[in-house]
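Chemist: Please find the sequence and the predicted model below.
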4 protein chains.
Amino acid sequence: MREVRNRQMEEKLSFVSDYMEGAHPAILERLLETNLLKTEGYGFDVFSESARNKIRAACQSPEADVFFLAGGTQTNAVMIDSILRPYQGVIASESGHISMHEAGAIEYGGHKVLALPHTAGKISADGIEKCISQYRNDANHEHMVMPGMVYLSQPTEYGTLYSLDELKRISGVCRNYQIALYVDGARLAYALACRENDVTLPDLAALCDAFYIGGTKCGALYGEAVVIPRHDYIPHLFTMIKQHGALLAKGRIAGIQFDTLFTDGLYGKIGVPAIAAADAIRKALREKGYPTTYGSPTNQIFVVLDKEKAAALSEKVELGFWENADDSHVIMRIATSWATQMEDVDRLTAVL
Amino acid sequence: MREVRNRQMEEKLSFVSDYMEGAHPAILERLLETNLLKTEGYGFDVFSESARNKIRAACQSPEADVFFLAGGTQTNAVMIDSILRPYQGVIASESGHISMHEAGAIEYGGHKVLALPHTAGKISADGIEKCISQYRNDANHEHMVMPGMVYLSQPTEYGTLYSLDELKRISGVCRNYQIALYVDGARLAYALACRENDVTLPDLAALCDAFYIGGTKCGALYGEAVVIPRHDYIPHLFTMIKQHGALLAKGRIAGIQFDTLFTDGLYGKIGVPAIAAADAIRKALREKGYPTTYGSPTNQIFVVLDKEKAAALSEKVELGFWENADDSHVIMRIATSWATQMEDVDRLTAVL
Amino acid sequence: MREVRNRQMEEKLSFVSDYMEGAHPAILERLLETNLLKTEGYGFDVFSESARNKIRAACQSPEADVFFLAGGTQTNAVMIDSILRPYQGVIASESGHISMHEAGAIEYGGHKVLALPHTAGKISADGIEKCISQYRNDANHEHMVMPGMVYLSQPTEYGTLYSLDELKRISGVCRNYQIALYVDGARLAYALACRENDVTLPDLAALCDAFYIGGTKCGALYGEAVVIPRHDYIPHLFTMIKQHGALLAKGRIAGIQFDTLFTDGLYGKIGVPAIAAADAIRKALREKGYPTTYGSPTNQIFVVLDKEKAAALSEKVELGFWENADDSHVIMRIATSWATQMEDVDRLTAVL
Amino acid sequence: MREVRNRQMEEKLSFVSDYMEGAHPAILERLLETNLLKTEGYGFDVFSESARNKIRAACQSPEADVFFLAGGTQTNAVMIDSILRPYQGVIASESGHISMHEAGAIEYGGHKVLALPHTAGKISADGIEKCISQYRNDANHEHMVMPGMVYLSQPTEYGTLYSLDELKRISGVCRNYQIALYVDGARLAYALACRENDVTLPDLAALCDAFYIGGTKCGALYGEAVVIPRHDYIPHLFTMIKQHGALLAKGRIAGIQFDTLFTDGLYGKIGVPAIAAADAIRKALREKGYPTTYGSPTNQIFVVLDKEKAAALSEKVELGFWENADDSHVIMRIATSWATQMEDVDRLTAVL
């Protein structure tokens, strides 16, 4: 186990991730207000119902089933296991969260991740179609794992975005081959707040069979909201959620959080400070001649540093190690969040 | 899906369960105070570390591994899957939560629940030993599921308690046959607050291979603290938690909650109002001639009502349906919690 | 691991089981004749196709899908895993092979066995209906395992038979509640050869969603033939068989065996010597005053012996230990097979 | 489902695979001789014990545990599931049977296949070490699947061979990092019969934690013999075999086959005609100017044909389609077996 770190005591700058703070103040306030009211458990409470209705409205998807789960890996595992049949696997980018950093949770549920090569975290309609048609044309395909679903992240793990056009083409391939399209929106608020983004919640509802709206990294204490546009597309999902240990007795706590995030359009705005901060950092990096990579327009920035510079910087600010670029350079991740303060951005800019 | 219920709007009395309210005010206060501090994720933060140390101290188990998970079914599945080998199953009461109400989560992880008959929710050292020795003596035991663990709930699903003597005898059987003992403490605070209880946290740490201290039903927004007295008894448990989708990115939220629950002995006291309320209700039931069953001394009361009376009562107070006693009688559950108000107890007593 | 036994060298009588010999001579002859012909693998050969057609004809089920697998536990696991959805379990007798003696293979595939009490190995339409309706009426049934299938053995593990009327009633319950009915026919030839039996192969095809015709215990070297009356009732079953490691490359070996067993009605006759032998043994036991139990009319006889007698007998003939009847009596199983010789029956009768 | 093919009726030449015939005549003879002897089930018979002892001797591995299973995918799944812990995956070539053609059987058992790029079907000690050390050096490795085993095929799916030196280096990496080495020997007899091969059975026993000696493709009706050099390296493997549905009641049938294959060194010789036939075909291809690829020295030949030639040839001889080389060329597989007749080789040579 890694050493426990006490960042705030050291008063050291940190841009390591977007889940370092608690929750948006409006959420805490609402939890306080409602704390001693009695409600039903397991999501059958008025707050959860209100949140579901607001999410349906925001997605222009009035028939959608909406469920609240605790975290991203859990949500991915529940949805993939519930949608796929045993003989099917899920197509994903080699860099996808389910391919790399979920400790084999998808395989633990019995399904192969059919990993495709990527460009800055993204896979393409063509690459997906090639994978499916290779399977179908293989004389031995009955001995192989059938692609049953496409998994995308929006934004991707590299901070990049699928355009509406790209998403439509991928959705078209999925519908043509009758396989499911599922989008992991762990950081969706940072896409929605981004100038370059042209994919809205109603677009996701129109183009996907299921997707989730991230809470944990977007201002909630925890929680992800799964949206399934077609009602009862996954029969008995409630029981499969329970079976995965993903059903929360005090379901209202997630309900209250999402009800708050979808009141007065908060979810659409909560990423704005993160993007503003990231843009300022990108500008500073550009001005100071630091190359960035992957072209991410969202709240994650990937900067290429020579190793000495990286070591020197690490004395003053904590960044996330991403990967070695070559023998003498590393790629470091700078992540902003809904809670990032401009004064911290200024401190970062000063030490760069 | 069941109808959404808005109890608080109706202002109707409810004793349906012990997870109807939010969190103990001290927890919310602490979440507010710490909200914008930045910390590491996944439990590597100072609050989680502080909570772990306080729990180790309270359990007199300085080497214990402590992990925070989100809910009870999840915790049971993670622990059982992580401790058992594929050829092993878990001995439990037929009435145990894992036997009945976890939607097959244990079987989903590949393990058979070896269900034993129970007395008011409890199984005995003798029953466990008989089960193990039958397996060992069966000429075909290599074709059968090997008992690899005993699962107990303290308090049980019927609100009853294992005495220290009973627990010692069960622990003795487990150690004699070298199988694990695991205790589900979803409602452990209500045992600790109960006069009849003689099993302490240090006793659990001394007698079990793993147990969990319930948060969700005992004053937290969510969360259960797993205690594994022997360090590294389960190698790579962190990864298996992740693989089960049970690792929370903002691990500190559970950490802060348990840190609060284990500050100034709060966890030991938080159940006291629940037991006081339950005792008052038990007294009222006795005085009014309502029979109770199972003999639960904790925060759950099981009252036998004729069906007309039950229907009449349901107009005024919401209780939990437990089971039909016979053709004309039902057993209803009355649950109190850390948040139960004495004025609600008085209102209940008035309508009985 | 148990000691290796060399029965034939000792020339000791043995009635331990019905899988102690090789295969019916007609099978070996056919394997010899066809040995060097070249055919496709995986069951796409002419022998397998011929066997499928003969089985369809024998079952009066011309559209049936027929697959050949290697053994009973494998067949049960493949079929149960392929028919059930993750949230479903299988209703079976507590004494059912899947409940007791398959080392948790069903749970390993993720499904709970919902075990019902039995009478001489049989469960009833009423018991099944009660189980299903209890589930449906339980307010918490979304937290429970849904019954999705009924598993029966014909003959049962106690050698008893479901009558056609009993099977019709069970099938009626299953169809009424839209759950699958699956019959394990590991010893089906011994039912078909039995005077008391009134359930034919066409009856099974008409009343079940799937069943298997046992080969291993009924004259084959190995192999079970799964019959699924409705074509494509289980889409992609071929791939799920492969996924379970149950697809045999040289599929024709099972095909040739079942082609032989279904040529000239061999399967309908192969159990006749076993029943004749068992009837002779039952008569001898009756005449000598040994009580039998369970009332099995098939090739398994359960005799109650006092322990001294059992010990004495064991010097001269090997029987199968079944269970202790009481402190001083045991129940021993006497199994005959298609290969049992009448002279061995006479030797047994002589030593009784 | 594919069309059923009746090759032998068409009298068409076929070199599609090495599992198109029945069994070596000596096996059938031995099955006939022993057919009506009575033996214990589940492998506790004298023939299985004799086979185990002969295999131990041939492997110079007197303490080895030896088990007989029915097929390759089953054997791989049982062994991988039994050796790995839930948080571990298996390193294999992207072209490995478990990666491609087992319908996700390994993932169905909960484990990720960590696929490495290959050269003509082989992976290298360096590639394996890099994979392991990348995992160990990754700051997030606790969120990733731990490599727990290396899977190799000998010969590979491309007919190529690991040299003794290569195998020693791979074994050295595995032992250095304390992960298991497992070799799939589905076609091992064709390696052993091959001039280029320098890896013996004792070498495999010395260098691997487990391997299997293929029967199905090497002269048996079915069956694979797992060898585990260290006794009890996998506790309770018998039960896990049962749990996987892989335990054969008439275990002796596999036992008799392997006893025959390991009598008078038959297994070491049975591949000789296949290699002689393959060498003759390779010579003919060379002389006629057909390029081959991958450099396989064993019983599989991969010939590059332009599509017209391939179509013309397919009128006269059936070969296996392997993959498209480019737009106008295909790679076809020619497989010989222990049963290949030289006159068929001559017929093939004539039509080339």
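Modeler: Right, received. Where do you want to start?
Chemist: gap between stretch A:204-215 and the chain center?
Modeler: 11 Å (CA atoms, centre = their mean, to the nearest Å).
Chemist: no no, stretch A:103-116
Modeler: Distance, centroid of stretch A:103-116 to centroid of chain: 18 Å (CA atoms, centre = their mean).
Chemist: got it, and stretch A:83-96?
Modeler: 17 Å.
Chemist: Is that stretch in proximity to chain B?
Modeler: No: against chain B, stretch A:83-96 shows no contacts by CB under 8 Å from any CB of the partner chain, the least distance being 12.9 Å. Where C-beta positions appear, they are placed from N, C-alpha and C, glycine not excepted.
Chemist: Counting neighbours, show which residues of that stretch come out buried.
Modeler: A:83, A:84, A:86, A:87, A:88, A:89, A:90, A:91, A:92, A:93, A:95, A:96 (16 or more other CB atoms under 10 Å in any protein chain shown).
Chemist: wouldn't residue A:342 be in contact with residue A:277 here?
Modeler: Yes: the criterion here is CB atoms under 8 Å, and residue A:342 meets it with residue A:277 at 6.6 Å.
Chemist: More neighbours: the two, which one.
Modeler: residue A:277 (25 against 11; other CB atoms under 10 Å in any protein chain shown).
Chemist: Tell me who's in contact with that one.
Modeler: Applying CB atoms under 8 Å, 6 or more residues apart in numbering or on different chains, we find residue A:277 in contact with A:299, A:336, A:340, A:342, A:344, A:345.
Chemist: Per-residue pLDDT of it, please?
Modeler: Looking at residue A:277, its pLDDT is 98.
Chemist: in what helix or strand does it lie?
Modeler: With elements taken from DSSP states H and E, the one containing residue A:277 is helix A:272-287.
Chemist: Next, the contact list for the closest residue to chain B within the stretch 1-150 of chain A, please.
Modeler: The stretch 1-150 of chain A approaches chain B most closely through residue A:74 (3.1 Å), counting by CB to the nearest CB. Counting by CB under 8 Å, 6+ apart, residue A:74 makes contact with A:224, A:244, A:246, B:245, B:246.
Chemist: For the contacts of residue A:277, pick the one with the most neighbours.
Modeler: Counting by other CB under 10 Å, top hit in those: residue A:299 with 32 neighbours.
Chemist: the helices in the stretch 151-300 of chain A, which residues?
Modeler: Counting by DSSP state H, counting those that start in this stretch, one finds helices in the stretch 151-300 of chain A at the ranges A:164-176, A:188-192, A:201-207, A:237-243, A:251-261, A:266-269, A:272-287.
Chemist: meant to ask about the stretch 1-150 of chain A, not that
Modeler: Under DSSP H, counting those that start in this stretch, the stretch 1-150 of chain A gives helices at A:7-10, A:25-33, A:46-58, A:72-83, A:97-100, A:105-108, A:125-137.
Chemist: what does stretch A:311-327 rub up against?
Modeler: So stretch A:311-327 is contacted by A:7, A:12-17, A:293, A:302-305, A:310, A:330-335, A:347-348, A:351-352, D:139 (CB under 8 Å, 6+ apart).
Chemist: Swap in 7 Å and give it another go.
Modeler: Contacts with stretch A:311-327, where a contact means CB atoms under 7 Å, 6 or more residues apart in numbering or on different chains, come from A:12-17, A:302, A:304-305, A:330-335, A:348, A:351, D:139.
Chemist: Next: stretch A:155-175.
Modeler: So stretch A:155-175 is contacted by A:95-97, A:120-122, A:125, A:128-129, A:150, A:152, A:154, A:180-181, A:187, A:190-191, A:194, A:196-199, A:203, A:207, A:294-298, A:300, A:302 (CB under 7 Å, 6+ apart).
Chemist: Give me the pLDDT for residue A:3.
Modeler: 55.
Chemist: do the same with residue A:129
Modeler: 98.
Chemist: for residue A:6, same thing?
Modeler: 50.
Chemist: repeat for residue A:12
Modeler: The model reports residue A:12 with a pLDDT of 80.
Chemist: ok, now how distant is it from chain D?
Modeler: 18 Å (CB to the nearest CB, to the nearest Å).
Chemist: What distance do you get for the residue lying closest to that residue once chain neighbours are set aside to residue A:15?
Modeler: Of all residues not flanking residue A:12 in the chain, residue A:318 sits nearest, at 6.0 Å (CB to CB, 6 or more residues apart in numbering or on different chains). For residue A:318, the distance to residue A:15 equals 7 Å [CB to CB, to the nearest Å].
Chemist: Pull up the overlap in contacts between those two.
Modeler: Contacts common to residue A:318 and residue A:15, judged by CB under 7 Å, 6+ apart, are absent.
Chemist: who's more crowded, these two?
Modeler: Ranked by neighbour count (other CB under 10 Å), residue A:318 and residue A:15 place residue A:15 first, with 27 against 20.
Chemist: Tell me who's in contact with the nearest residue to the more buried one once chain neighbours are set aside.
Modeler: Nearest residue to residue A:15 in three dimensions, chain neighbours excluded: residue A:334, at 4.5 Å (CB to CB, 6+ apart). By CB under 7 Å, 6+ apart, the contact set of residue A:334 is A:15, A:281, A:301, A:303, A:319.
Chemist: Please identify the helix or strand for residue A:334.
Modeler: Taking DSSP H and E as the definition, one finds residue A:334 inside strand A:329-335.
Chemist: Can you mark which positions in that strand are buried?
Modeler: Within strand A:329-335, the residues that qualify as buried by neighbour count (16+ other CB under 10 Å) are A:330, A:331, A:332, A:333, A:334, A:335.
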